[in-house]
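K.L.:
next input, structure requested:
(chains A and B)
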Amino acid sequence: MMQDYFYTLSDKLMQDLEGEEQLLLGFAGEDSDFVRFNANKMRQAGRVVQRELSLDLIHGKRHARASVSLAGELEQDLWQLSVVLHNLRAQRPYLQDDPYLIYATEVNNTEQHHDQPVIDSREAVEQIRQAAEGLDLVGIWANGAMVSGFANSFGQRNWHSNANFNFDWSCYHAADKAVKGGYAGFDWQQPTLLAKFEAIREQLAIVAKPAKTIEPGRYRVYLAPSALQEIVGTMSWGGFGLKSHRTKSTPLLEMVEQGRRLAPALSITEDHARGLAPGFTSSGFIKPDLVRLIEQGRYADCLVSPRSAVEYNSVANAESEFPGSLEIQAGNLPGEKVLSELDTGLYINNLWYLNFSDRNHCQITGMTRFACFWVEQGKIQAPLNVMRFDDSVYDLLGNNLLGLTAEREFIFDPDTYGQRSQNSIQLPGVLIDAMNFTL
Amino acid sequence: MNEFLNQVAKRFSACAPAVDFWTLRLTDEHSEFVFVRQGVTQPVSTQLARGALLTVIEGDGMGYAATSDLSTSGLQRAAAQARDWAQYAMGKGLVEASAFPRPSNKGRYQTPVQQAWEDMPLGDKIALLQDASQALKIDERIVDWSAYLGHRRVDTLLVSSAGAFIEQGFHYLSPSLTAVANEGAITQYRRGGGNQSSRQGGLEQLPLLGFPDAAPQLAEEAVALLSAPECPQGNMDVVLAPSQMVLQIHESIGHPLELDRILGDERNYAGTSFVTPEMFGHYRYGSDLLNVTFDPGRPEQLASYACDDEGTPAQREYVIRDGLLVRPLGGVLSQARAGLAGVANARQADWFRPPIDRMANLNVEPGATDIADMFASVERGVYMETNRSWSIDDSRNKFQFGCELGRVIENGELKGLVRNPNYRGISATFWRNLVGVGNAQSFDVQGVTNCGKGEPNQAIYVGHASPVCRFSQVDVFGGAA
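P.N.:
Got it, this is the predicted structure:
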C-alpha cells in the first residue's frame, strides 16, 4: 500500500516540474513496535509510524535537497510538497554549479519484497516474559515493517520492503555481571527463543562465580563474533571509503601508503546482495552484488559513493562509504575446539565503546563487557572484571591472528537511531595470540 | 507561538480518548545546512519534520504512539494504539501508577535571537563559507578542508488531559571548520570555529565561536602537528581546555549520574553506573574544588528550556557541591521510582521517541585560579585541547580520552606542541585529583550534539560549560609510533 502511495505521490510531483528540471525522490518508512524491558517488566511500550520523503531538485548542474515527514494523506502531503518544491526552486539563483553532481539517467526498475507476516508483538512479549521468568532481563523488542523507495523524473521506480523482528537483551546476575542475548530475523520461533534462554541460564551460572581481575599486560584471547564485530565496526569509521583514502584520513593509511597487510586468513567483503538494505542508491544507481574490501589480508577495493566516483574518477558501488552488509570469510578453527586452542587466556564475548587511540596506526582502545571469562588449560574458570584494551588492528588481525572459526554468526544491527537499522554482518570468531590490556 | 501546533492540539483535545490520563507532544522542526568542502559548495539541504507523540495512562499501564499523520483521524489512530499498549502493560509494568508524571502546568520558552538565520541570504552564507574554506587551505599539506553552517528551529507544544499547555521554541546554530593535514603516513586534524560548541541563538553567536576567524590558526596547527613530537608518556599533571572538559564532564559525571542508568534501564545498551542511590548526600565525587550544576537557564547553551518533556519546570540545581555528590540527573518519573530529588531532565530527542533522563546543561562552575597561575604551578605536565577520541566502560568508570592538540608544560612554562595526546583514568578517583579550576575568564560554553542513549535509540543535544581545569597524577601517553 505504501508503495502505491509513494508512486502516486511521485507521479503527481513529476507533473509539477518546470522546463529542464529533474527530480530524484527517496522514500523511507517504518511501522514499528518497541517494547523496553527492565527487571523482566515492561518499562516503555509503544508504536512508531513514520514516513519521510527526500527530494533532490536539479536544473543543469545546480541542485538543492530537502527531506519532509509525510502525513500519509495525499492531498495534504502534495500541498506541503508543492511548497517545498517552490522553496527549492527559489534557492537556485544563489547556488553554484555542483561539479560532483551525478544521478542515474538509465532506467533500472527493481522490486524487493521480504514481507513475511510480522509476528504479533504482544504474543512475542508474552513468550519473552515467560522464558525470562526469574531472570533480571533488560533490553528492547523491536518489530515491524521497513520500506524504502526511489523514483526519478526519468521514470525509474525502485522499492524495497521487509518485515522483521529484533530482540536485543541481556540478563544480569548483579552489578555489571551479565550475559548478552540476541534473536533477530523474519520467522519467529518460540523453541529458538527458549534455547537461547537455556544457554543464557548456563552462562549466568558461570557469571555468578567470583570474578577475576587481571593485571595489565598481553593475553591470548578469543574474540566471539559479536566482539570482532566491534573491532571491524571501528575500522569502518573511514576505513573502507574512497574519500577517506584520498584525503589520507583512513585508519588503514599504512595499508594504502606503505603496503602493510593484515593476516592472509582475513578477507572482508561488502555483501550488497544480502538483501536487508535496499539494493539502490538515493541517486538511482543499482549497487553491485559484492565489493571486495580486503582480500587475504591485502587492501582491495573501496566503497565508492556516487559523489566520490565523480570527484575521484572512479565507479560508484555503494550508497555511502560506511559498510552496512559486511561479510568476513570463515576460517578452519572448529567452534568446539576454541577453548582447547585458547588454552589459557581470555574468552571475550563482547567489547564496548571502542575508539581510536592513534588513528594513523589503526590503534584502537575499548572495554570488555558482559560475559567474558578467564580460561585455564581449556576450561572456563571465572568471569572477568571489565578491562580496557589498547592495541593496533595490524597486530590483532595481523601478526597475532591465529585463526578464524569455521562457523559464522549472522547479526542484525539492533540500532534504532532515526529509524531501525537495516545493516547486518556475517562473521566468525577469532583466536588472537596476544592482545594488550592497559587498565 | 506556533499556530499550526496550536490548531492540531485543539483538534485533538476536542476528540481525545476517555482514558485515565493522556499527553500530546507536538513537534514542528525546520533545519537548513550549508557546507563547503575544498571550495566546492555541497548541495544545500533542508529538513522539515512534524510529528506527534501520544502518551496514554490506563491504571498502572502506560503506552505511547508516534505518528507523522497530524490529521484528526491520524491522531485518533495513534491514541488508540497508545491506549492498546497501555492496557496491555497493565499489571506487567515496571512503574507504579502513582509514579507517572501527570503535568497540568503552563510554560513558555523562546530562544533569544539577535540576528535571525533568515536575516542572512543564502548567497551570503555560501560566500561566508567559501571565504572560510579558502582561509583553511594554507599549505599543500592541507589535504582536506571544509566549512559548515547548520541551523535548526524546533517548536514544541505539550498538552495534557489535565490542562497542561507548554509551548517552547528553540533556535540552534552549528558552525564548524575542519582542516586535515597529511605528510606520508601521518595525518593530523584540527576542528574548531564552533565544532563542539553548537549553541542556541542566532547568527550573533558566530564571532563568539571564532567562526570564521579561527580558520588560519586551525590550519597552521594541523600542519605543525605533522612534525610535532609524540606526547610524552608518564604519570603527570594534565591541564584540560573546555574543548576537552566537555567530554570529560559528559562521560564521567553526566552519564554516571543519570538516574535511569542507576535504576538499571540502560543496562542493555548505554550501560549502568558505578554510582548507587545510597551515595547521594555524602559520597565524595571530587576534590573540594569541584562544583557541578544542572543549569537550564544559560540562554546560549544547547539544553536551556523552561520545562522538560514530561512538563516539569526546570531550575538550576547543584549536582555536586564542594566535591560532594548532591543529587542525580533524573526527571519526575525516575525521582518517584528512586525516592530521590532530581532535576527536570526527561527529554525526547525526536518527535517519535518517548522522554528519558538526559543530561541537558551540565556545567563545571568556574573557580578562582587565573590561567597563567595555573600553568605556573605545573612542574611537568601536558595541556590538551579539543577532544578527538573517547571511551569509557559501561559503569562509567575506566576511561580513556585523546585530544587533537597538546602542549608540554615544564617548570611552569607552556612549551611546544605535541601530537596524539592521550590520557586514561578512573572516574571514581580522577575528579578527586582536580587541583585547579580556572576562573570565569577561562569559562567557555560548549556542548555535544550526538549524545546517544535509550532503547529505542535517541541522539540528543546536551550542553557543557567549563573553565580550564588541572588534574594531578594522570596516566598520560602518546600515539603508537
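K.L.:
show me where the stretch 51-200 of chain A has its strands.
P.N.:
Along the stretch 51-200 of chain A, the stretches classed as strands by DSSP state E, counting those that start in this stretch are A:62-69, A:110-114, A:136-152, A:157-174, A:177-185.
K.L.:
near chain A, anything from the helix or strand of chain B with the lowest mean pLDDT?
P.N.:
Ranked by mean pLDDT, DSSP states H and E, the weakest helix or strand in chain B is helix B:427-430, scoring a mean of 92. No: between helix B:427-430 and chain A, judged by Cβ under 8 Å from any Cβ of the partner chain, nothing touches; the nearest distance is 11.8 Å. Yep, even glycine has a C-beta here, placed from its N, CA and C like the rest.
K.L.:
how about stretch B:274-285?
P.N.:
No: using Cβ under 8 Å from any Cβ, stretch B:274-285 stays clear of chain A, coming no nearer than 8.8 Å.
K.L.:
retrieve the pLDDT associated with A:Tyr312.
P.N.:
We have a pLDDT of 98 for A:Tyr312.
K.L.:
neighbours of residue 426, how many?
P.N.:
No chain specified, so I'll use chain A. 19 (other Cβ atoms under 10 Å in any protein chain shown).
K.L.:
nope, chain B please
P.N.:
B:Ile426: 16 surrounding residues under other Cβ under 10 Å.
K.L.:
what of B:Arg316?
P.N.:
Residue neighbour count, defined by other Cβ under 10 Å, stands at 13 for B:Arg316.
K.L.:
what does A:Arg47 give?
P.N.:
26.
K.L.:
follow-up on the earlier one: next structured bit after the least confident helix or strand of chain B?
P.N.:
Using DSSP states H and E, the next helix or strand after helix B:427-430 towards the C-terminus is strand B:434-437.
K.L.:
ok, and what's touching that next one?
P.N.:
B:237, B:239, B:286-287, B:289-290, B:364-369, B:374, B:377, B:467, B:469-472 (Cβ atoms under 8 Å, 6 or more residues apart in numbering or on different chains).
K.L.:
any weak-confidence spans in the stretch 51-200 of chain B?
P.N.:
Low-confidence segments of the stretch 51-200 of chain B, defined by pLDDT under 70: none present.
K.L.:
which parts of the stretch 201-350 of chain B are helices?
P.N.:
B:205-208, B:215-227, B:242-249, B:255-257, B:259-262, B:332-338 (DSSP state H, counting those that start in this stretch).
K.L.:
want to throw those helices into TSV with distance to chain A, mean pLDDT and mean neighbour count?
P.N.:
Formatted as TSV, the helices of the stretch 201-350 of chain B follow (distance: least, Cβ to the nearest Cβ, whole Å; pLDDT from 0 to 100; neighbours: other Cβ atoms under 10 Å in any protein chain shown):
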stretch	distance to chain A	mean pLDDT	mean neighbour count
helix B:205-208	19	98	17
helix B:215-227	11	98	20
helix B:242-249	11	98	26
helix B:255-257	11	98	26
helix B:259-262	9	98	27
helix B:332-338	10	97	21
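K.L.:
turn the ones you listed into CSV, including distance to A:Val310.
P.N.:
Converted to CSV, the helices of the stretch 201-350 of chain B look like this (distance: least, Cβ to Cβ, whole Å):
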stretch, distance to A:Val310
helix B:205-208, 32
helix B:215-227, 26
helix B:242-249, 35
helix B:255-257, 42
helix B:259-262, 46
helix B:332-338, 50
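K.L.:
just want the residue of the stretch 251-400 of chain A that's nearest chain B.
P.N.:
Of all residues in the stretch 251-400 of chain A, A:Asp358 sits closest to chain B, at 3.6 Å by Cβ to the nearest Cβ.
K.L.:
that residue pairs with what?
P.N.:
Beta bridges link A:Asp358 to A:Gln363, judged by DSSP bridges.
K.L.:
measure it to B:Ser466 for me?
P.N.:
Going from A:Asp358 to B:Ser466 by Cβ to Cβ, to the nearest Å gives 26 Å.
K.L.:
so those two - more neighbours on which side?
P.N.:
Shown here are A:Asp358 and B:Ser466; by other Cβ under 10 Å, B:Ser466 has more neighbours (27 against 23).
K.L.:
I'd assumed B:Ile249 was in contact with that one.
P.N.:
Yes: the pair formed by B:Ser466 and B:Ile249 meets the contact definition of Cβ atoms under 8 Å, at 6.2 Å.
K.L.:
who touches both of these two?
P.N.:
Residues touching both B:Ser466 and B:Ile249 by Cβ under 8 Å, 6+ apart: B:Asn363, B:Val364.
K.L.:
the contacts of strand B:434-437, buried ones only, as a ChimeraX selection?
P.N.:
A single ChimeraX command selects the buried members of the contacts of strand B:434-437 (16 or more other Cβ atoms under 10 Å in any protein chain shown):
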select /B:237,239,286,287,289,290,364,365,366,367,369,374,377,467,469,470,471,472
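K.L.:
in strands, which of the contacts of strand B:434-437 fall?
P.N.:
Of these, the ones assigned to strands by DSSP state E are B:Asp237, B:Val239, B:Val364, B:Cys469, B:Arg470, B:Phe471, B:Ser472.
K.L.:
count of residues packed around residue 158?
P.N.:
By default, I'm working from chain A. So A:Asn158, with other Cβ under 10 Å, has 23 neighbours.
K.L.:
please go with chain B instead
P.N.:
For B:Leu158, the neighbour count with other Cβ under 10 Å is 26.
K.L.:
what comes up buried for stretch A:20-40?
P.N.:
Quick answer for stretch A:20-40 (16+ other Cβ under 10 Å): A:21-40.
K.L.:
of those residues, list those near chain B.
P.N.:
A:Ser32, A:Phe34, A:Arg36, A:Asn38, A:Ala39.
K.L.:
which one is the second one nearest to, not counting chain neighbours?
P.N.:
Think A:Phe34. With sequence-adjacent residues excluded and distances taken as Cβ to Cβ, 6 or more residues apart in numbering or on different chains, A:Phe34 is closest to B:Pro456, at 4.9 Å.
K.L.:
part of a strand, is B:Ser461?
P.N.:
In this structure residue B:461 is Tyr, not Ser. Yes: when classified by DSSP: H, G, I helix; E, B strand; the rest coil, B:Tyr461 is found to be part of a strand.
K.L.:
contact partners for it?
P.N.:
The contact partners of B:Tyr461, taken as Cβ under 8 Å, 6+ apart, are B:Tyr172, B:Ser198, B:Leu302, B:Ala303, B:Gly447, B:Val448, B:Thr449, B:Cys451.
K.L.:
now, these that are in strands?
P.N.:
B:Tyr172, B:Gly447, B:Val448, B:Thr449, B:Cys451.
K.L.:
within reach of chain A, which of those residues are there?
P.N.:
Of the ones in strands among the contacts of B:Tyr461, not one also sits near chain A (Cβ under 8 Å from any Cβ).
K.L.:
B:Ala270: which of those residues is nearest?
P.N.:
B:Ala270 has its nearest neighbour among the ones in strands among the contacts of B:Tyr461 in B:Cys451, at 9.6 Å by Cβ to Cβ.
K.L.:
wouldn't that closest one be in contact with B:Arg358 here?
P.N.:
Yes: using Cβ under 8 Å, B:Cys451 is in contact with B:Arg358, at 7.0 Å.
K.L.:
having no further points to raise, I will conclude here.
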